[in-house]
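*Asks:* model this:
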Amino acid sequence: MRKNEIVRLKIEEINNLGCGVGHLDGADGGRGIVVFVRDAVTGDEIDARIIKVNKSYLVGRIERILSPSPLRCAPDCTASGCGGCVYRHVTYAHELELKREYVKNAFRKVGLPEVSVEDVRHTNALTGYRNKAQYPVKNGKNGLEAGFFATASHRIVPADDCKLQPAIFGEIVSFICSFCDRHAIKAYEEESGRGLLRHIYLRMGIVTGEVMVCLVLNGKTMPCERELSRELCAKFEQVKSVLINVNEKNTNVVLGSEFRLLSGREWIEDRLCGCTFRISAGAFYQVNHDACELLYGIAKERAALSGKETLLDLYCGIGTIGLSMADDAKEVIGIEIVDEAVERATENARRNGIEHASFYCGDASDAERLLENAERERGPLDEKNTVVVFDPPRKGSTPELIRYIAKRGFSRVVYVSCNPDTLARDCALFKTLGYEIGTVTPVDMFPRTGHVESVVCLTRK
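*Replies:* Sure, this is the predicted structure:
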């Protein structure tokens, strides 16, 4: 095959990147090389133009849809091509099927096809659910433009009205861009390293309505920054925090380590699972409030606390999971590597009147010393009456931590995961170390995207 050739395909499935998968006819009449086509849907019959040729696969672009799939729906987004909503062109019912199959396939690939995977739980809210957004900016023909990166690139697709964000986010972004145009403030350019404003970073407390605005700069200060802060707070009464973040490095990482408060507070508040949480700019907090309550509720069910157990919350962040389960635990011990998050978790426990929760700094990659501070202060844990809950980053947990948990013999481990592949990998290791894998429950934390959360309880044999 050569680039720009047109091929006829029947789309057989969709992967978690939103690409339809088809095959060319083989020389022997069988199934030939695989072709990936973005925005194609299971059941489509299409003509596709080949845009990339690889030894083991081809990439095509839809040239013409000959027969549309009944699973196809019309996308309702003006930011087409940003790469975020890979499933916006399929029915939601089919999206849920795809996500369940993604989780099942992850366990099949590690040799655990027998693991039971439930139907995907969801809130049925497909728009406006995100409480956090990071908008890269660029210098456009008519002024500053904010949007999102196109798929597999650093090309910005302008969009200030993303369907996944609250409406106020788009209004704030448009206001900031207009302000910068009035004051000749330019966007940062990766190629030259010139320009000042890199990202507009927004967070919102869905229950409280409080909004945080953080401007990520390629510099220490911005012209007229105090004036911008005053105008933001005057125009948008929900804005309770305006900050500057300094990121002068040539990096893909959005945030630098230095924050500076312009007005209001260094945090906003939200209520989750009956608790009030203070959320700082750098703290982890689930981006979908209602789906998070669903997720944590399932995790609490799987933990099956009776009031006699210690809950050991690893990768605890600002304490959301542990504190949401505290009313059923004898005590809560949280471990987190980020000092600021430990301080915030301790503060959150105090503000919610939870006196039997303690939080400590510890590194999951240094498993043997992970509980050193906690056990020095409160004594050794009773392994048989300790339930572990953890929600690691996308890369999953570490083999060292999993082996340490097994060596200590903790009775139950409730694993909350944002990556089915690393979840399955880690569950396979837990199984070799004497844990039984319970039913996996996927939760659609990110509707219309290719991501899915999961919860599973691992029980010591």
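*Asks:* Just give the nearest non-adjacent residue to residue 26, would you?
*Replies:* residue 32 (3.7 Å; CB to CB, 6 or more residues apart in numbering). Where you see a C-beta, it was placed from the backbone N, CA and C, and this is true even at glycine.
*Asks:* And that neighbour, how close does it get to residue 93?
*Replies:* Taking CB to CB, to the nearest Å as the measure, residue 32 falls 31 Å from residue 93.
*Asks:* Counting neighbours around each, name which of those two comes out higher.
*Replies:* Under the neighbour definition other CB atoms under 10 Å, residue 32 and residue 93 were set side by side, and residue 32 has more, 14 against 9.
*Asks:* Now the more buried one. Its backbone dihedrals?
*Replies:* Main-chain torsions, residue 32, degrees, to the nearest 10: phi -100, psi -150.
*Asks:* I'd guessed it sits against residue 9; true?
*Replies:* No: the pair residue 32 / residue 9 is not scored as a contact, 10.9 Å apart, by CB atoms under 8 Å.
*Asks:* Doesn't residue 69 belong to a strand?
*Replies:* No: counting by DSSP: H, G, I helix; E, B strand; the rest coil, residue 69 is located in no strand; its state is coil.
*Asks:* low pLDDT regions in this protein?
*Replies:* Along the chain, segments meeting pLDDT under 70 span 27, 29, 78-81, 83.
*Asks:* Please enumerate residues in contact with the longest helix along it?
*Replies:* Scanning the chain for the helix with the most residues, using DSSP state H, yields helix 92-109. With contact meaning CB atoms under 8 Å, 6 or more residues apart in numbering, helix 92-109 is reached by 14, 16, 41-42, 71, 87, 90, 113, 115, 117-120, 122, 124, 126, 420-421, 423-424, 427, 440, 442, 444, 447-448, 450, 452, 454.
*Asks:* Among these, which ones are in strands?
*Replies:* Taking DSSP state E as the definition of strands, the contacts of helix 92-109 contribute 14, 442, 454.
*Asks:* want to try CSV for those residues, with neighbour count and distance to residue 414 as columns?
*Replies:* Shown next, in CSV, are those (neighbours: other CB atoms under 10 Å; distance: CB to CB, whole Å):
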residue, neighbour count, distance to residue 414
14, 30, 30
442, 27, 15
454, 28, 11
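*Asks:* Output these in a markdown table; the columns should cover distance to residue 50.
*Replies:* Below are the ones in strands among the contacts of helix 92-109 laid out as a markdown table (distance: CB to CB, whole Å):
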| residue | distance to residue 50 |
| --- | --- |
| 14 | 19 |
| 442 | 34 |
| 454 | 36 |
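*Asks:* now, among those residues, which is nearest to residue 315?
*Replies:* residue 454 (15.3 Å; CB to CB).
*Asks:* Let me know whether the closest one touches residue 440 as I believe.
*Replies:* Yes: between residue 454 and residue 440 there is a contact under CB under 8 Å: 5.4 Å.
*Asks:* Give the residues shared as contacts by those two.
*Replies:* Shared contacts of residue 454 and residue 440, defined by CB under 8 Å, 6+ apart, are found at 103, 423.
*Asks:* What ranges does this structure have for its helices?
*Replies:* Under DSSP H, the chain gives helices at 92-109, 167-182, 225-235, 289-303, 320-324, 339-351, 372-378, 399-408, 420-432.
*Asks:* if I pick residue 31, what's in contact with it?
*Replies:* 23, 25.
*Asks:* ok, what's across the strand from it?
*Replies:* Per DSSP bridges, the residues bridged to residue 31 are residue 25.
*Asks:* quick revisit: list buried residues within the contacts of helix 92-109.
*Replies:* Buried by 16 or more other CB atoms under 10 Å: 14, 16, 41-42, 71, 87, 90, 115, 117, 120, 122, 126, 420-421, 423-424, 427, 440, 442, 444, 447-448, 450, 452, 454, out of these.
*Asks:* on that earlier part again, can you redo the helices of the chain as TSV with distance to residue 310?
*Replies:* Shown next, in TSV, are these (distance: least, CB to CB, whole Å):
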stretch	distance to residue 310
helix 92-109	30
helix 167-182	40
helix 225-235	44
helix 289-303	11
helix 320-324	11
helix 339-351	15
helix 372-378	9
helix 399-408	12
helix 420-432	20
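*Asks:* okay, and the common contacts of residue 32 and residue 9?
*Replies:* 23, 24.
*Asks:* out of the helices of the chain, which comes closest to residue 256?
*Replies:* Of the helices of the chain, nearest to residue 256 by CB to CB is helix 339-351, at 14.2 Å.
*Asks:* for that closest one, which positions count as buried?
*Replies:* For helix 339-351, using 16+ other CB under 10 Å, the buried residues are 341, 342, 344, 345, 346, 347, 348, 349.
*Asks:* how long is stretch 445-455 from one end to the other?
*Replies:* Taking CA to CA, to the nearest Å, the first and last residues of stretch 445-455 lie 12 Å apart.
*Asks:* Distance from it to the middle of the chain?
*Replies:* 8 Å (CA atoms, centre = their mean, to the nearest Å).
*Asks:* Then stretch 407-427?
*Replies:* How far stretch 407-427 lies from its chain's middle: 18 Å, per CA atoms, centre = their mean.
*Asks:* Equivalent analysis for stretch 447-461, please.
*Replies:* 13 Å.
*Asks:* got a list of contacts for stretch 218-229?
*Replies:* Residues contacting stretch 218-229 (CB under 8 Å, 6+ apart): 176, 179, 183-185, 188, 193, 195-198, 215, 242, 244, 246-248, 262-263.
*Asks:* try it again with 7 Å
*Replies:* Applying CB atoms under 7 Å, 6 or more residues apart in numbering, the external contacts of stretch 218-229 come out as 179, 183, 185, 188, 195-196, 198, 215, 242, 244, 246-248, 262-263.
*Asks:* For PyMOL, write the selection for the buried entries among these.
*Replies:* If you want just the buried ones from those in PyMOL, going by 16+ other CB under 10 Å, the selection is:
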select buried, resi 179+185+188+195+196+198+215+242+244+246+247+262+263
